[in-house]
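Engineer: need coordinates for the following:
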Amino acid sequence: MSLRQAQFADRFQDAVWNAHSASLAHGEITDDWSQIPLDELERDCISHLDALGFRYYIPALMLSVLNHYESSSMRVIGTLGGLYPKKDSSWEYHMHRYSLLSPAQKTAIARFLTALPKLVELDFQDQKVVPRALRNYWGEYLQTDATE
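Structural biologist: Sure, this is the predicted structure:
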């Protein structure tokens with residue numbers, strides 16, 4: 001699912017989505033995440049990405065947080081929220097989205113979360129989210145990284 005498809009799904013969560021989903025990707029960069037422009041990443045739809053879409057877009061989103069951190073941006077909120085699996089009813093949802101990530105990709109995300117507070121002046125809320133995300137899930141990939 002692409003960003004535009006996810007945005008459309010957010011607005012029209014019914015059978016109409018299936019009829020239009022193929023045409024929505026027209027003009028959208030879906031084969032090289034490094035070429036996705038910032039304005040495309042600003043779409044408020046990260047939470048609607050499926051596992052394949054999440055794996056494709058998360059590197060571009062993480063880099064955009066590093067290079068263009070704005071705490072009120074839905075891009076930043078969605079990216080950090082997407083990396084913060086809460087131990088509640090949404091846990092399985094997050095685990096499904098992470099299911100296609102390789103151990104190396106998970107380690108890269110853990111390293112990103114570890115480095116982020118040192119590289120960007122996070123707002124008060126994000127100062128809480130990042131360590132919680134590491135504690136709840138990503139930190140285990142730092143531990144396996146240290147033993148390799």
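Engineer: what about the helix or strand containing residue 130, distance to the chain center?
Structural biologist: Residue 130 belongs to helix 124-133 when assigned by DSSP states H and E. Counting by CA atoms, centre = their mean, to the nearest Å, helix 124-133 is centred 15 Å from the centre of its parent chain.
Engineer: ok, now stretch 52-71?
Structural biologist: Distance, centroid of stretch 52-71 to centroid of chain: 6 Å (CA atoms, centre = their mean).
Engineer: quick one: contacts of it?
Structural biologist: 1-3, 5-6, 30, 33-34, 36, 38, 41, 46, 49, 75-80, 82-83, 97-98, 100-101, 105, 109, 112, 116, 119-123, 125-126 (CB atoms under 8 Å, 6 or more residues apart in numbering). Every residue, glycine included, has its C-beta placed from N, CA and C.
Engineer: and those, which of them are buried?
Structural biologist: Using 16 or more other CB atoms under 10 Å as the burial test, those include 1-3, 5-6, 33, 36, 41, 46, 49, 75-80, 82-83, 97-98, 101, 109, 112, 116, 120, 122, 126 as buried.
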